[in-house]
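Trainee: Got a sequence here, can you build the structure:
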Amino acid sequence: MKEKSQSQATIWIQVALIYLKSDNLEKAREAIIRTTIEEPENYLGWYGLGLIQFASRNFQQAKSALKKAVKIDTTKGQPWYILGRIALDENQFLEAIEYFDMAIENRMRTIQLFLDKGICFEKEEQVDKALKNYRYAVKIGQYNEELLLQLGNLLVTRKKFNQAIDIYMEAIAINPKNAIAWANIGFIQIAIGDIEEAEISFRRAITLEPNCEEVQTALNEIQTNLIGKENSQTMQEDYEEIYAL
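Mentor: Residues are numbered from 1 along each chain as shown. Prediction:
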């Protein structure tokens, strides 16, 4: 009888996967619920139900299913991560960090996990801890271009301009056609009063992305001597709005 129950549970999981591939969440939910009925201690059944409820934005039901999953198998990090994502979506950042830590404790190591944890620390204004997690995400992602830009942007908000330039240059090393990185470097160089280098960076950005109005405006101001060291402080204060082009 036990073997039959396990077989039926497996079949319902496969049915749920078929429905998921066709984006039919309701039918997938019904199928995965049958799995939990056939085999109440089936980890995949409860975890799958939690995922489907999460995708459907049914957070309370998702949390209930995921907590059941972690009771059945305490060695899995994925349910803890989804619990953390729910807490993040609900703006419960400290709670999310606790769940992410549980996922890490259970040997989960993904780029998105550390990015999400970094976001939580950033929301809690613990920027140094956010940086640490972003750096770890970059390391896991083997220095992914997008992650480097995100890390560079965060360094800018901390006024760590030289470090930010180094990070943006790493992004450019991966993709020499990264206009955003060149533009961001240019705005940093204006903020620190290095106007000649800023002009070079902006020219590189414009060559790669001719339609970038913010960069073209800054370049025009440099060329007409409207930007100089005397107003670089203003540019520094405005930078956090400018760098996310």
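Trainee: so what's residue 17 closest to, chain neighbours aside?
Mentor: Of all residues not flanking residue 17 in the chain, residue 28 sits nearest, at 7.7 Å (CB to CB, 6 or more residues apart in numbering). Heads up, the C-betas are built off the backbone N, CA and C, glycines and all.
Trainee: and the strand or helix carrying the one you found, how far from the chain's centre?
Mentor: Secondary structure from DSSP states H and E places residue 28 in helix 25-38. Put simply, helix 25-38 sits 30 Å off its chain's centre (CA atoms, centre = their mean, to the nearest Å).
Trainee: Show me what that helix is packed up against.
Mentor: helix 2-21, helix 43-55 (3 or more CB pairs under 8 Å, 6 or more residues apart in numbering; DSSP states H and E).
Trainee: does residue 133 really touch residue 124, like I thought?
Mentor: No - assessed by CB atoms under 8 Å, residue 133 is found out of contact with residue 124, at 12.0 Å.
Trainee: So if I had to pick from those two, which one is more boxed in?
Mentor: residue 133 (22 against 14; other CB atoms under 10 Å).
Trainee: residue contacts, that one?
Mentor: Listed by CB atoms under 8 Å, 6 or more residues apart in numbering, the contact partners of residue 133 are 114, 115, 117, 118, 121.
Trainee: Now the helix or strand hosting the third one: average pLDDT?
Mentor: Read it as residue 117. When elements are assigned from DSSP H and E, residue 117 belongs to helix 111-123. Mean pLDDT, helix 111-123: 92.
Trainee: Can you list the buried residues in that helix?
Mentor: In terms of neighbour count (16 or more other CB atoms under 10 Å), helix 111-123 has its buried residues at 111, 113, 114, 115, 116, 117, 118, 119, 120, 121, 122.
Trainee: most centrally placed residue in this structure?
Mentor: Nearest residue to the geometric centre of the chain (CA atoms, centre = their mean): residue 115, 4.2 Å.
Trainee: how does this structure divide up, domain by domain?
Mentor: Taking automatic domain parsing as the reference, the chain has its domains at 1-59, 74-142, 144-245.
Trainee: roughly how far out does the last one sit from the chain middle?
Mentor: Put simply, domain 144-245 sits 22 Å off its chain's centre (CA atoms, centre = their mean).
Trainee: With the shortest one instead?
Mentor: Once both centres are worked out by CA atoms, centre = their mean, domain 1-59 turns out to sit 28 Å from its chain's centre.
Trainee: Quick check: mean pLDDT of it?
Mentor: For domain 1-59, the per-residue pLDDT averages 86.
Trainee: Same check on the last one?
Mentor: Averaging pLDDT along domain 144-245 yields 83.
Trainee: got the buried residues for stretch 136-148?
Mentor: Using 16+ other CB under 10 Å as the test for burial, stretch 136-148 gives 136, 137, 138, 140, 141, 144, 145, 146, 147, 148.
Trainee: Apologies, that question was intended for stretch 193-202.
Mentor: Buried-residue list, stretch 193-202, by 16+ other CB under 10 Å: 193, 194, 195, 197, 198, 199, 201, 202.
Trainee: for the second one, what are its contacts?
Mentor: For residue 194, the contact set (CB under 8 Å, 6+ apart) is empty.
Trainee: Perfect, I'm done here.
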